[in-house]
Structures are given as C-alpha cells and as structure tokens.
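sequence unavailable; structure follows:
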C-alpha cells in the first residue's frame, strides 16, 4: 500500500430496492470543487477530531438531506488516490455502504443526487478508478486499493487491488 495521505476523506453508497425490483444506488452529480461535473458517491473530507464514520454520517446529511444512523453503515475498505501531477488532490478514502436511511434525497450546493440501477452504473461519467472497484463493493466485497492518476489527473495510469482483511 502507498503511504498515508494527509488528506483523509470518506464516501458512501446508499442502496435501495427500486420500483422495478432492481437494486439502486444513490449517486450525485458533483457541482463544485474537486471532481466537479463527475457523478460521485456522497462524502467528503474528514474534519479534525472526527472519525470516518462520524464524517460520513455528517456528509450524507449535508449533501443529500438523508439521515443515516452510524450503525446502519458498513465500512467496506479503503481506496488510496495518488495524483503525482497535482499532489494536493492525493487522498485516502474510507468506503461505506448502507441501505437504511430516513428522508428523500434533496439537491444541495455540492451534489445533485439521483438513484441509478446497480447493474447500470454510469461509470463513464464517474472518476476513472470507479470501474475497478465500485461494482465489487456494491456486490458486497471489501476493497483495498491504490490508484495513481496520470498527467491529465483524470485517467488511472496504475492501480493495484490488495486482498482486504475480511470483516469481523
């Protein structure tokens, strides 16, 4: 694994059963900041004094209006992103999934949320790394990965998926 990044973030993928019986995941079009224009999971920076779990509960509510209890989220691993051509973008992201929440997703200043069928993920509109690990996480697999982005800061130039420690 690569060294720990000074920039710690978290991301969550909330799921539900859609009206057609297919599993859907809540994603959002990023409106501001890093990744603006991409479709992303809900999440953001872990503030000083917060755990990743506390941060993701806060971020979900800030970005979508949904309320999630900490016990209703499952940590699914860690994904590390290195941007050698823009070091301040490098970050380590703790990944969570959950299917229990209260409320209906609402647009925020940061994200315009929408439900997508898990079997039709908009991978072409997401960060390039998502295709390597997101389908597996949504299928219940844990992830531990290192991704290096190329000079364009958009395309994965190297990646390695490690065997994560099984959940207890």
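Sure, I can see it. This structure is a prediction, so every number in the text was calculated from the model and none was measured.

use CA for all of it now, contacts and neighbours both
Will do.

how about residues contacting stretch 87-102?
Contacts made with stretch 87-102 from outside it, assessed by CA atoms under 8 Å, 6 or more residues apart in numbering, are listed as 4-16, 34, 52, 66-69, 72-84, 138.

among those, which ones are in helices?
Under the assignment DSSP state H, these contribute 52, 138 to helices.

quick one: buried ones out of the contacts of stretch 87-102?
5, 8-16, 52, 66-68, 73, 75-83, 138 (16 or more other CA atoms under 10 Å).

where does pLDDT dip in this protein?
When the per-residue scores of the chain are filtered using pLDDT under 70, the ranges that remain are 1-5, 164-168.

and the helices in it?
Taking DSSP H as the test, the helices found in the chain are 52-64, 130-138.

winner for burial among the ones you listed?
Most buried of these, by mean neighbour count (mean count of other CA atoms under 10 Å): helix 52-64, with a mean of 22.

tell me how far the residue located most distally from the centre of the chain lies from residue 113.
Here the chain reaches farthest from its C-alpha mean at residue 20, the gap being 24.8 Å by CA atoms, centre = their mean. Remark: distance between residue 20 and residue 113 (CA to CA, to the nearest Å) = 19 Å.

ditto for residue 74
Using CA to CA, one obtains 21 Å as the distance from residue 74 to residue 113.

next one: the residue most central in space within the chain from residue 43, what distance?
With distances taken as CA atoms, centre = their mean, the residue of the chain nearest its centroid is residue 11 (3.3 Å). Using CA to CA, one gets 4 Å for the distance from residue 11 to residue 43.

give me the common contacts of the two.
Counting by CA under 8 Å, 6+ apart, the common neighbours of residue 11 and residue 43 are residue 56.

and the spatially closest residue to residue 31 that is not a sequence neighbour, how many residues sit next to it?
Distance criterion CA to CA, 6 or more residues apart in numbering; nearest residue to residue 31, sequence neighbours excluded, is residue 110 at 5.0 Å. Residue 110 is flanked by 17 other residues according to other CA atoms under 10 Å.

quick check: the gap between residue 110 and residue 86.
Distance from residue 110 to residue 86, counting by CA to CA: 22 Å.

residue 137 too?
Plainly put, residue 137 is 27 Å away from residue 86 if you go by CA to CA.

skipping adjacent residues, who's closest to residue 92 in space?
Leaving out its chain neighbours, the residue that sits closest to residue 92 by CA to CA, 6+ apart is residue 80, at 4.3 Å.
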